[in-house]
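> The following comprises the amino acid sequence and a computationally predicted model.
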Amino acid sequence: MDEEIGEIIQDLKSYLEYLTGIGIHSLVASETEAHEPSSSHVMTLEEVRKELGDCKRCKLHRARRTIVFGEGNEESSLMVIGEGPGYDEDFQGRPFVGKAGQLLTKILQSINLPREKVYITNVVKCRPPQNRNPEPDEIQSCHPFLMKQITLIQPKIICALGTFSAQTLLKTDTKITALRGRLFDLDGIKVIPTYHPAFLLRNPERKREVWEDMKKIAELMQTR
């Protein structure tokens, strides 16, 4: 009998640990709680940043100087998502502040959008060494935080800059040359991929294509 009681107690302890693990901390609701709808806390971007913490979820933390979370208008209808921080971004802790960032600012100004009126972030929040491409495990580690940013900002449009931004958001391995300028849907959000400003610095002849993409974004922002 004592052995059976011990097993029951152990099973009960395991079950309670399981409930705690999935966020259930009480099995008894008051009479008031039983008749009132529960209210769930909505996170803020500041809380998401705190959750990210001094992130060491992937190997990028070994060489980074700063986590580059994102910045801009948290109520913007346009969200710009790049691939990863570069040297200047890693140094300053802000996205798109180097030469590519200066070009992005001009691109946004071309459709009468001051930089501070949009929200800007990257797929990965730490600089890949020597500005190499982010690797799949690094993208996967940052992905939950990117999706929380998108969920909280609730943009009308996302401009995906470059191959890894577009492929990550659209869950595809299609090349950016085939994706750019096309309109996609991400849970009700319109996504338009285009070339990364760093690519344009090396290939200025492609700026015309980005201008066409930005005009589409400007038109979509005007529609209800």
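Thanks, I have the structure now.

> May I have the residues that are in contact with the residue nearest to Asn112 when sequence neighbours are not counted?
Counting by C-beta to C-beta, 6 or more residues apart in numbering, Asn112 lies nearest to Ala218, which is 7.6 Å off, once chain neighbours are set aside. For every residue, glycine as well, the C-beta is placed using N, CA and C. Contact analysis of Ala218 by C-beta atoms under 8 Å, 6 or more residues apart in numbering lists 111-113.

> I'd like to know which helix or strand in the protein has the lowest mean pLDDT.
Least confident helix or strand of the chain, by mean pLDDT, DSSP states H and E, is helix 31-35 with a mean of 38.

> Outline the domain layout of this structure.
2-35, 45-222 (automatic domain parsing).

> tell me how far the helix or strand that the least confident helix or strand of the chain is followed by is from the chain's mean position?
Proceeding N to C from helix 31-35, the next assigned helix or strand is helix 45-52, under DSSP states H and E. Relative to its parent chain, helix 45-52 has a centroid offset of 12 Å by C-alpha atoms, centre = their mean, to the nearest Å.

> Let me see the mean pLDDT of helix 45-52.
The average pLDDT within helix 45-52 is 97.

> Likewise for stretch 86-96?
Here the average pLDDT along stretch 86-96 is 98.

> how much space between Arg49 and Ile67?
Separation of Arg49 from Ile67 (C-beta to C-beta, to the nearest Å): 8 Å.

> Could you check what's spatially nearest to the residue nearest the centre of the chain, not counting adjacent residues?
Nearest residue to the geometric centre of the chain (C-alpha atoms, centre = their mean): Leu146, 1.9 Å. Counting by C-beta to C-beta, 6+ apart, Leu146 lies nearest to Val123, which is 6.2 Å off, once chain neighbours are set aside.
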